[in-house]
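**Q** show me the folded form of this:
(2 chains)
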Protein chains: 2
Amino acid sequence: MKFRRSERLIDMTNYLLEHPRRLVPLTFFAERYSSAKSSISEDLAIIKETFEQRGIGTLKTVPGAAGGVKFFVKVKEEEVRPFIAHLCDLFRSPERLLPGGYLYMTDIISDPSIVNKVGRMFASAFSDIEIDVVMTVATKGIPLAYAVASQLNVPVVIVRRDSKVTEGSTVSINYVSGSTKRIQTMVLSKRSLAEGSKVLIVDDFMKAGGTVNGMISLLDEFNAHVAGIAVLVESENIEERLVDEYLSLIRLSDVDVKEKKIKVSEGNFFSMNVKNR
Amino acid sequence: MKFRRSERLIDMTNYLLEHPRRLVPLTFFAERYSSAKSSISEDLAIIKETFEQRGIGTLKTVPGAAGGVKFFVKVKEEEVRPFIAHLCDLFRSPERLLPGGYLYMTDIISDPSIVNKVGRMFASAFSDIEIDVVMTVATKGIPLAYAVASQLNVPVVIVRRDSKVTEGSTVSINYVSGSTKRIQTMVLSKRSLAEGSKVLIVDDFMKAGGTVNGMISLLDEFNAHVAGIAVLVESENIEERLVDEYLSLIRLSDVDVKEKKIKVSEGNFFSMNVKNR
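**A** Numbering: from 1, shown residues only, chains lettered A, B, ... in the order given. Modelled structure (predicted):
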């Protein structure tokens, strides 16, 4: 059965979007549609151009016999800026204020379309970095971690506060929370992280960075390396930041409980230069 | 700027995949590509045909002035069967056995491509059901819940074992775990679930169904309704099942610790008839 170009373009678009960062040989598509490799090459050129123009991503061609094509997410600044502005508006709502100056942000993180967009943006920022695994801590960071990992085509490793029988043997560390100075525990299943892994740490919220710092210490125990750090919200006005290089979408600068005012602004997404460590 | 048909097809495919179950007016696409509505209609006919042929999903047209098109995920049996067979193979590996006959399945759930596929299959099974929100319990069910919710275009509500200050005021219930008969607690943030919501309950593993049953009791407290239940793995040989109607991909029938044998088979995915309650 032969496929028309229009059908091929639709199916290839879906296939590439579902398989980011994976090498797809041209022969795979050629066989899938009983088409000549030259036609597939033309299709891919059209897809690449449209993906780039519409801020969907890009295709990279790997030449040679073992070659093929790889899809990478690449978002455009024109998409990120209004999205961050929209998120800032959401965060400014005074109803978020909880006793003690905490912010309710569960509704934001519970929306998969927001979470997936954040995932695409983080994956785009780290698209040129070698990453083997995304790490987060239970529970609020989990959705974001999966959204990023989906686009980077790597597994997710979840650090817990307590060990569970279904995790098998675990490695645990103690760390000092940055803002409350309390000693806390972090646990990671032994078989969940391979030695030498390059790890992207993802979390929803970072204050002084104690939790992120804890995850970095945990990586040491596994002889694994930090490839990058990305948080949705960072909190400003921190006396001593425990983490120096990280990416953030939003910066929370002030919470005035009395006046019910929440001050948020754009994070360092555009000023931060992500590079291989 | 005018767009060629090929570009439109690629961008529309991406747009529809990113916005499942959402009504997209034809005028939206017509303006986006400076094209006539008649051309857009032709494009959508091609996309619909290809989506259905390739097991991506389907498009439903809503006629009238407020009309448009909606994308629904619909997977084909030819895709589901080999995927379940592959999952069964993964589960059979004797290295999964943990002390006490527990199974290590974190590696399976940590793979976003598996999680996203399961999400598409659950969403496909419930595509004709009215669902307002997906509910799960922390922490292992979270990735699956988001994968389903992404395809159903609804938010995720996460039940916790303990209350946290960042959740605001909460409702908590006690329930009896089905297999260990212990009394446990479940907590849900008050503002996370609207009254009358139709809820799809999603979890990774179901033994007797105590946890799922706990979530159902919690729904009562919110005057919300169960729209469906979907689990990745169900355990067979349960004396008394607390939940009667549910969807499962995999059935775990026996774990022989001594012989290091794990018996798994296809769940009720194909025999279960999902309908509105």
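**Q** just to be sure, A:Phe71 is in a strand?
**A** Yes. Per DSSP: H, G, I helix; E, B strand; the rest coil, A:Phe71 lies within a strand segment.
**Q** next, A:Leu249: secondary structure please.
**A** Secondary structure, three-state DSSP: A:Leu249 is strand.
**Q** pull the number of nearby residues for it.
**A** Each residue near A:Leu249 was counted by other Cβ atoms under 10 Å in any protein chain shown, and the total is 23. C-beta here means a position set from N, CA and C on the backbone, and glycine is covered the same way.
**Q** pull up the per-residue confidence for the residue nearest to the spatial centre of chain A.
**A** The residue lying closest to the centre of chain A (Cα atoms, centre = their mean) is A:Val148, at 3.0 Å. Note on A:Val148: pLDDT of 98.
**Q** packing partners for the helix or strand where it lies?
**A** Element membership for A:Val148, per DSSP states H and E: helix A:142-152. In terms of contacts (3 or more Cβ pairs under 8 Å, 6 or more residues apart in numbering or on different chains; DSSP states H and E), helix A:142-152 is packed against helix A:112-125, strand A:133-137, strand A:156-159, strand A:198-206, helix B:112-125, helix B:142-152.
**Q** let's have these in CSV, adding distance to A:Phe71.
**A** Below are the helices and strands packed on helix A:142-152 laid out as CSV (distance: least, Cβ to Cβ, whole Å):
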stretch, distance to A:Phe71
helix A:112-125, 11
strand A:133-137, 18
strand A:156-159, 20
strand A:198-206, 19
helix B:112-125, 14
helix B:142-152, 19
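**Q** quick one: which of these is nearest B:Arg8?
**A** helix A:112-125 (21.5 Å; Cβ to Cβ).
**Q** sorry, back to before: was I right to think the residue nearest to the centre of chain A contacts A:Ala230?
**A** Yes. Counting by Cβ atoms under 8 Å, A:Val148 does reach A:Ala230; the two are 7.1 Å apart.
**Q** what touches both of the two?
**A** With contacts defined as Cβ atoms under 8 Å, 6 or more residues apart in numbering or on different chains, the residues shared by A:Val148 and A:Ala230 are A:Phe122, A:Phe126, A:Leu200, A:Val202.
**Q** distance check, the last one against chain B.
**A** Distance of A:Val202 to chain B, computed by Cβ to the nearest Cβ, to the nearest Å: 13 Å.
**Q** so what's A:Phe29 up against?
**A** By Cβ under 8 Å, 6+ apart, the contact list for A:Phe29 reads A:Arg8, A:Met12, A:Tyr15, A:Ser35, A:Ile40, A:Asp43, A:Leu44.
**Q** which of those residues lies closest to A:Glu221?
**A** Within the contacts of A:Phe29, distances to A:Glu221 taken as Cβ to Cβ reach their minimum at A:Tyr15, with 38.9 Å.
**Q** number of nearby residues for the closest one?
**A** Neighbours of A:Tyr15 under the rule other Cβ under 10 Å: 17.
**Q** just checking, it touches A:Leu9?
**A** No. Look at A:Tyr15 against A:Leu9 with Cβ under 8 Å: they stay out of range, at 10.8 Å.
**Q** can you tell me the helix or strand for A:Asp162?
**A** Short version, using DSSP H and E: A:Asp162 is in no helix or strand.
**Q** contacts only, for the nearest residue to it once chain neighbours are set aside.
**A** With sequence-adjacent residues excluded and distances taken as Cβ to Cβ, 6 or more residues apart in numbering or on different chains, A:Asp162 is closest to A:Val187, at 6.4 Å. By Cβ under 8 Å, 6+ apart, A:Val187 lies in contact with A:Val159, A:Arg160, A:Arg161, A:Asp162, A:Ser163, A:Glu167, A:Thr170, A:Val171, A:Ser172.
**Q** in which helix or strand does A:Ile108 reside?
**A** helix A:106-109.
**Q** pLDDT (mean, whole number) over stretch A:250-258?
**A** Per-residue pLDDT over stretch A:250-258 has a mean of 92.
**Q** where does A:Glu95 land in three-state SS?
**A** Under three-state DSSP, the three-state class of A:Glu95 is helix.
**Q** give me the angle between whichever strand or helix holds A:Leu9 and helix B:5-18.
**A** Using DSSP H and E, A:Leu9 falls within helix A:5-18. Going by axes from the mean of the first three to the mean of the last three Cα atoms, to 10 degrees, helix A:5-18 is angled at 40 degrees with respect to helix B:5-18.
**Q** quick check: buried residues in helix A:5-18?
**A** For helix A:5-18, burial by neighbour count (16 or more other Cβ atoms under 10 Å in any protein chain shown) applies to A:5-18.
**Q** could you dump it to PDB, C-alpha only?
**A** Taking C-alpha atoms only, helix A:5-18 is exported to PDB below (Å, rounded to 0.1, in the frame of the first residue of the first chain):
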ATOM      1  CA  ARG A   5       2.600  12.800   0.800                       C
ATOM      2  CA  SER A   6      -0.100  14.400   2.900                       C
ATOM      3  CA  GLU A   7      -0.600  11.200   4.900                       C
ATOM      4  CA  ARG A   8       3.100  10.700   5.300                       C
ATOM      5  CA  LEU A   9       3.500  14.200   6.700                       C
ATOM      6  CA  ILE A  10       0.800  13.800   9.200                       C
ATOM      7  CA  ASP A  11       2.000  10.400  10.400                       C
ATOM      8  CA  MET A  12       5.600  11.400  10.500                       C
ATOM      9  CA  THR A  13       4.800  14.500  12.500                       C
ATOM     10  CA  ASN A  14       3.000  12.400  15.000                       C
ATOM     11  CA  TYR A  15       5.800   9.800  15.100                       C
ATOM     12  CA  LEU A  16       8.600  12.400  15.500                       C
ATOM     13  CA  LEU A  17       6.700  14.300  18.300                       C
ATOM     14  CA  GLU A  18       6.200  11.000  20.100                       C
END
